[in-house]
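> let me see the structure of the following:
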Amino acid sequence: MEPVRQVEGRAYPWGAKNIDTDIIIPAHWLKTTTREGLGKGAFETVRAQPGNLFDDPRYAGAPVLVAGDNFGCGSSREHAAWALADLGIKAVIAPSFSDIFSGNAFKNGIVPVVLPQAAVDRLVEVARTDPITVDLETMTVTTPYQDRFGFTLDPFRRRCLLEGLDEIGMTLAQDTAISKYESDVAQARPWTLVGVGGEGSVVEGAGRT
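Numbering: from 1, shown residues only. Now for the predicted structure:
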């Protein structure tokens, strides 16, 4: 996962409420186990409508989505976060999120920013013509018009986003401690070691208690 310190650029000024995961990525796209290409299916039913926001060239490649209350409700499909990431979205701003979607977004390097409805309404207005900046260092969302909205994020999640740590990265970061633990266990309880010499290998000290 790539580190996320600042997300800056145009934003989709959507503001729609109660957008569930089936709208974010329809069920027939869930047959795939890869993340690549899911951006094509993102908001498929919305994009089927003429003049829709997501195919408007003014917002092509926008890294920020300004949405309404209860974004990401519905099923727990991680494909919703995959689709947003493949579409190029790195931050979603809304008054509230589904807990499961928020967790999936974080695990896929997408910043879920919770702001009051009044702030979201203002950002929808600004996003129609100007860029928005989400800064994880200062924990603020700003605009060229001196708007400045502070937000909070779980400290652990913030650190993971800033350092680009997913589950694998967090495990590898503890490599020294894990190696030391394994070495200590090998010395203190050698009878727990299992022989790995192929067929006929035995557990060293089998039968001990």
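
> so what's the residue count around the closest residue in space to Tyr12 that isn't next to it in sequence?
Using CB to CB, 6 or more residues apart in numbering and skipping the chain neighbours, the partner closest in space to Tyr12 is Leu65 (4.7 Å). Using the backbone N, CA and C atoms, a C-beta is placed for each residue, glycine as well. Using other CB atoms under 10 Å, Leu65 has 28 other residues around it.

> tell me which element Leu65 is part of?
Assigned by DSSP states H and E, Leu65 falls within strand 64-66.

> paired strands for that strand, with orientation please.
strand 11-13 (parallel), strand 91-94 (parallel) (DSSP bridges).

> tell me the most buried of the ones you listed?
A comparison of the strands paired with strand 64-66 by mean neighbour count, using mean count of other CB atoms under 10 Å, puts strand 91-94 on top with a mean of 26.

> next secondary structure after that strand?
helix 99-107.

> and that next one, how far out from the chain middle?
Once both centres are worked out by CA atoms, centre = their mean, to the nearest Å, helix 99-107 turns out to sit 6 Å from its chain's centre.

> residues touching that helix, excluding its own?
Outside helix 99-107, the residues within contact range by CB atoms under 8 Å, 6 or more residues apart in numbering are 21, 71-73, 76, 78, 80-81, 84, 92, 97, 111-112, 157, 160-161, 166-167.

> following element in sequence after it, please.
Once the chain leaves helix 99-107, the next helix or strand it forms, by DSSP H and E, is strand 111-114.

> what about the residue sitting nearest the centre point of the chain, distance to Arg122?
Nearest to the mean C-alpha position of the chain, counting by CA atoms, centre = their mean, stands Ala105 at 2.5 Å. From Ala105 across to Arg122, the span is 22 Å (CB to CB, to the nearest Å).

> test my guess that the residue nearest to Tyr12 contacts Ala85.
No - at 11.4 Å, Leu65 does not count as touching Ala85 under the criterion of CB atoms under 8 Å.

> among the contacts of helix 99-107, which lie within strands?
92, 111-112 (DSSP state E).

> which of the residues in stretch 16-35 are buried?
Along stretch 16-35, these residues count as buried under the neighbour rule (16 or more other CB atoms under 10 Å): 19, 21-26, 29-30.

> ok, which pair from those is furthest apart?
Ile19 and Leu30 (17.2 Å; CB to CB).

> who's the residue nearest to Tyr12 bridged to?
Applying DSSP bridges, one finds that Leu65 bridges with Tyr12, Val92.

> list the contacts for it?
By CB under 8 Å, 6+ apart, Leu65 lies in contact with 11-12, 14, 84, 89, 91-93.

> so after the helix or strand bottoming out on mean pLDDT in the chain, what's the next helix or strand?
Lowest by mean pLDDT, DSSP states H and E among the helices and strands of the chain is helix 167-173, with a mean of 63. Once helix 167-173 ends, the next helix or strand along the chain (criterion: DSSP H and E) is helix 175-188.

> out of the contacts of helix 99-107, which are buried?
With burial judged by 16+ other CB under 10 Å, the buried subset of the contacts of helix 99-107 is 21, 71-73, 78, 80-81, 84, 92, 97, 111-112, 157, 160-161.

> need the max-distance pair from these.
Cys73 and Cys160 (23.8 Å).

> can I get the buried residues of stretch 16-35 in JSON lines with secondary structure and pLDDT?
Below are those laid out as JSON lines (DSSP: H, G, I helix; E, B strand; the rest coil; pLDDT from 0 to 100):
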{"residue": "Ile19", "secondary structure": "coil", "pLDDT": "98"}
{"residue": "Thr21", "secondary structure": "helix", "pLDDT": "97"}
{"residue": "Asp22", "secondary structure": "helix", "pLDDT": "96"}
{"residue": "Ile23", "secondary structure": "helix", "pLDDT": "97"}
{"residue": "Ile24", "secondary structure": "helix", "pLDDT": "97"}
{"residue": "Ile25", "secondary structure": "coil", "pLDDT": "96"}
{"residue": "Pro26", "secondary structure": "coil", "pLDDT": "95"}
{"residue": "Trp29", "secondary structure": "helix", "pLDDT": "93"}
{"residue": "Leu30", "secondary structure": "coil", "pLDDT": "90"}
